[in-house]
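# dropping the sequence and predicted coords here.
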Amino acid sequence: MSAKITQLTSALAESERRRVAKQQSMSATIQQIKEQVLNLARRPTTPFAPEDTDDDDNEEEDDFVDCTYVSFMNFLKF
């Protein structure tokens, strides 16, 4: 019985060690993503194509980008 308890205790400790390592890795990845998103947000925008004269389409795209960015940043706050 003592050997079984020792085995289970060892397995539990190993499981906890793996969980902590995975959490640390995920936290580091999330921090990198946050930094990349913030760097992109700070980068000045330059048009890749001539300005479109149809302002309605641009407004819709801008709204989508703004909404996506805000949603993503809220996701990263957890």
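Yep, that arrived.
# okay, now residue 1: neighbour count?
By other CB atoms under 10 Å, the residues close to residue 1 number 5. All C-beta spots, glycine's among them, are computed from the backbone N, C-alpha and C.
# next: residue 30.
Neighbourhood size, residue 30 [other CB under 10 Å]: 13.
# which element is it on?
Assessed by DSSP states H and E, residue 30 sits inside helix 2-42.
# output the contacting helices and strands for that helix.
In terms of contacts (3 or more CB pairs under 8 Å, 6 or more residues apart in numbering; DSSP states H and E), helix 2-42 is packed against helix 55-76.
# what mean pLDDT does the helix it packs on get?
Averaging pLDDT along helix 55-76 yields 57.
# what do you get for stretch 33-44?
Taken as a whole, stretch 33-44 has a mean pLDDT of 82.
# got it, and stretch 8-28?
Averaged over stretch 8-28, pLDDT sits at 96.
# list the buried residues of that stretch.
Using 16 or more other CB atoms under 10 Å as the burial criterion, none of the residues of stretch 8-28 qualify.
# can you show me the CA trace of that stretch as CSV?
In CSV, the C-alpha atoms belonging to stretch 8-28 read as follows (Å, rounded to 0.1, in the frame of the first residue of the first chain):
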residue,chain,number,x,y,z
LEU,A,8,0.5,8.2,-6.8
THR,A,9,2.2,11.1,-5.0
SER,A,10,5.0,11.1,-7.5
ALA,A,11,2.6,11.0,-10.4
LEU,A,12,0.6,13.9,-8.9
ALA,A,13,3.8,16.0,-8.4
GLU,A,14,4.9,15.3,-12.0
SER,A,15,1.4,16.3,-13.3
GLU,A,16,1.6,19.5,-11.3
ARG,A,17,5.0,20.3,-12.6
ARG,A,18,3.8,19.8,-16.2
ARG,A,19,0.7,22.0,-15.6
VAL,A,20,2.9,24.8,-14.2
ALA,A,21,5.3,24.5,-17.1
LYS,A,22,2.5,24.6,-19.6
GLN,A,23,0.9,27.7,-17.9
GLN,A,24,4.2,29.5,-17.9
SER,A,25,4.7,28.8,-21.6
MET,A,26,1.2,30.0,-22.4
SER,A,27,1.7,33.2,-20.4
ALA,A,28,5.0,33.9,-22.3
